[in-house]
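Student: Sequence first, predicted model second:
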Amino acid sequence: MFLQGMFSGSPIPLLEQVVRFTEHRHHILAGNIANLDTPGYRVRDLSVPKFQQQLRQAVEASRRRGLPGPASALPAISSVSGFSSPGSELPLDQVAENLSSLLYHDQSNVSLERQIAEMVKNQLQHNLALSIMANQFRLLRAAIGESADV
């Protein structure tokens, strides 16, 4: 129970969810590239804004219940990793969303360049979450080591 409380008061559970999401999204984006030449193939993807919204709701629900949670970590992750907050869309972002529905001559909507760009962004988010998680574990290890020396 002590360890569970120690982790729930840190950003580690939040980071774990980001890592799981980016890992799953990477597999889907790789499938899109694998099916690039399949006539009629429609791109599949996970919604980053919906994931972010679910993550925020989970953190807020934890706060309402009075449970310790990674309250300070959420703004840092959303601003650094490329997640944008709902309602902060720029007009040019809406244009990019409309381009994603563009159909090509073979009735597919797969763009190699777009899929690779999404994979790169996804990989950066994944690596950032892992780096922050590793730092959190180093901090915990240092704290445990210091308390054992006392």
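Tutor: Looks like it arrived, so ask away.

Student: Backbone dihedrals for residue 47, please?
Tutor: phi -80, psi 110 (degrees, to the nearest 10).

Student: That one and residue 14: what is the separation?
Tutor: Distance, residue 47 to residue 14, using CB to CB, to the nearest Å: 18 Å. C-beta coordinates here come from the backbone N, C-alpha and C atoms, glycine included.

Student: Could you check which of the two has the larger neighbour count?
Tutor: residue 14 (23 against 10; other CB atoms under 10 Å).

Student: Now do the same for that one: helix, strand or coil?
Tutor: Of the three states, residue 14 takes helix according to DSSP: H, G, I helix; E, B strand; the rest coil.

Student: Against residue 37, how distant is it?
Tutor: In this structure, residue 14 and residue 37 are 39 Å apart, going by CB to CB.

Student: likewise residue 52?
Tutor: With distances defined as CB to CB, the gap from residue 52 to residue 37 amounts to 33 Å.

Student: More neighbours: the two, which one.
Tutor: For residue 52 and residue 37, the more surrounded residue by other CB under 10 Å is residue 52, and the numbers stand at 21 against 9.

Student: Need the pLDDT of residue 39.
Tutor: We note a pLDDT of 86 for residue 39 in this prediction.

Student: in what helix or strand does it lie?
Tutor: Secondary structure assignment for residue 39, by DSSP states H and E: no helix or strand.

Student: Do a quick rundown of the helices in this protein.
Tutor: Applying DSSP state H to the chain gives helices spanning 2-8, 12-34, 48-64, 73-80, 91-99, 112-149.

Student: closest one to residue 41 among those?
Tutor: When these are ranked by proximity to residue 41, the top entry is helix 12-34, at 7.9 Å, counting by CB to CB.

Student: Compute the inter-axis angle for that closest one and helix 112-149.
Tutor: Between the axes of helix 12-34 and helix 112-149, defined by axes from the mean of the first three to the mean of the last three CA atoms, to 10 degrees, the angle is 160 degrees.
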